[in-house]
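K.L.:
What follows is a predicted protein model with its sequence.
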Amino acid sequence: MSDTDIETDDLETPEPEEFELPFTALAERLDKVLARLMPQHSRSRLQAWIEEGHARINGRAARVRDKAGPGDRIQVWPQPAPEAMAFVAEPIAFEVVAEGADWIVVDKPAGLVTHPGAGNWHGTLLNGLLHRYPELARVARAGIVHRLDKDTSGLLVVARNETAQTHLVRQLQARSVRREYLALVHGWPDAQGTVSLAIGRDARVPVRMSVQHPIAPKPAVTHYRTLRRGHAVEVQAPVAEVACRLETGRTHQIRVHMASLRHPLLGDTLYGGPALAGAARQMLHARALGFEDPASGERLAFESEVPADFEAVRQAILWQS
């Protein structure tokens, strides 16, 4: 069977959407025609369906550049969006520090994406949570209330039911959740300080966030305290270990704020951080987490030791006594 003769049974959705173009229609590219006929779907998604063999013109498998014109019959088998298929249980390795009736505290390893998204629809912490705690399928986002970047390690809390999730989200909004991070940065920051600069999407580089002319900026506040100073031995470059406490939780907040001070995180190449002392990722670890138990009101606190790769970078730095 050739790639232009795809059987209907190969198409995943049994009932197609069907259109017949009027004899007054102009002949145009199929993706352009479908964009008008199915405006609820993006053009890129329609193009993907065509390329994957989920569209036909007059009974024949279509290609994106094929033209559809007067009297043509078009069939399209709409496919689920990737995000609709992402919330599946998968065995993913992660450590549970503690759990209660309403919450789970996870120590996320570096390299693990927290939540499915573009380019990472599977193999995330969310998939692992659904595998280990099937009841989380009944909670929005499998109970996740805040995230850590893929290459940031450390603690985050997950809600086990909707009531607890609402309670924890309100604590985050009220800035009463304690979140403290350890970072290794280039240079020697002041002994302590606060960065209060709004963060939004970088207008020139979509994968970056920015404090300089950002798109749709939101308030962001980071408090930092320098714990010790030293040098990366191989190049005698100044580095420091810094504790950062968040008031807000914007995307890449600590990474952006420290870079704005000209002290980017070691290994954070996205924001100009040098790969000193063997740093192979951004040197950022969520070491402390505190919140109020949604049911009892008791104040809970948890801490996490830095992972082995973070400690190895620490050991490669000559610290001042």
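P.N.:
Now that the structure is in, tell me what you want to look at.
K.L.:
how far away is residue 256 from residue 246?
P.N.:
12 Å (Cβ to Cβ, to the nearest Å). Placement of C-beta: from N, CA and C, glycine included.
K.L.:
Comparing these two, which residue is more hemmed in?
P.N.:
Taking other Cβ atoms under 10 Å, residue 256 and residue 246 do not tie; residue 256 has more neighbours (27 against 22).
K.L.:
pLDDT averaged over the helix or strand in which the more buried one is found - what is it?
P.N.:
Assigned by DSSP states H and E, residue 256 belongs to helix 253-260. Averaging pLDDT along helix 253-260 gives 98.
K.L.:
what's that helix packed up against?
P.N.:
strand 178-186, strand 192-196, strand 199-201, strand 209-210, strand 221-232, strand 237-246 (3 or more Cβ pairs under 8 Å, 6 or more residues apart in numbering; DSSP states H and E).
K.L.:
Out of these, which gets nearest to residue 151?
P.N.:
strand 178-186 (12.5 Å; Cβ to Cβ).
K.L.:
Residue 225 bridge partners, please.
P.N.:
residue 192, residue 243 (DSSP bridges).
K.L.:
Tell me how many other residues crowd residue 111.
P.N.:
11.
K.L.:
isn't it right up against residue 149?
P.N.:
No. Between residue 111 and residue 149 there is no contact under Cβ atoms under 8 Å: 10.5 Å.
K.L.:
Going along the chain, name the helices of this structure.
P.N.:
All helices of the chain, identified by DSSP state H, fall at 30-37, 43-51, 125-132, 162-173, 253-260, 308-315.
K.L.:
taking those together, which one is wrapped up most tightly?
P.N.:
helix 253-260 (a mean of 25; mean count of other Cβ atoms under 10 Å).
K.L.:
tilt between that helix and strand 237-246?
P.N.:
140 degrees (axes from the mean of the first three to the mean of the last three Cα atoms, to 10 degrees).
K.L.:
Might you calculate how far helix 253-260 sits from the centre of the chain?
P.N.:
17 Å (Cα atoms, centre = their mean, to the nearest Å).
K.L.:
Next: stretch 209-224.
P.N.:
Worked out by Cα atoms, centre = their mean, stretch 209-224 lies 18 Å from the chain centre.
K.L.:
Residues in contact with that stretch: which ones?
P.N.:
Contacts of stretch 209-224 with the rest of the structure, by Cβ atoms under 8 Å, 6 or more residues apart in numbering, involve 189, 192-203, 242-248, 250-258, 260.
K.L.:
picking up where we left off before, list the contacts of the helix holding residue 256.
P.N.:
149, 181, 183, 185, 189, 195, 197, 199, 209-211, 220, 222, 224, 242, 244, 246, 250, 264-265, 268, 270-273, 282, 284.
K.L.:
Of those residues, just the buried ones, PyMOL syntax please.
P.N.:
This is how PyMOL selects the buried members of those, with burial counted by 16 or more other Cβ atoms under 10 Å:
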select buried, resi 149+181+183+185+189+195+197+199+209+210+211+220+222+224+242+244+246+250+264+265+268+270+271+273+282+284
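K.L.:
And the lowest-mean-pLDDT helix or strand in the chain, how far out from the chain middle?
P.N.:
The weakest-scoring helix or strand in the chain, judged by mean pLDDT, DSSP states H and E, is helix 43-51 (a mean of 90). Distance of helix 43-51 from its chain centroid, counting by Cα atoms, centre = their mean, is 24 Å.
K.L.:
what's it packed up against?
P.N.:
helix 30-37.
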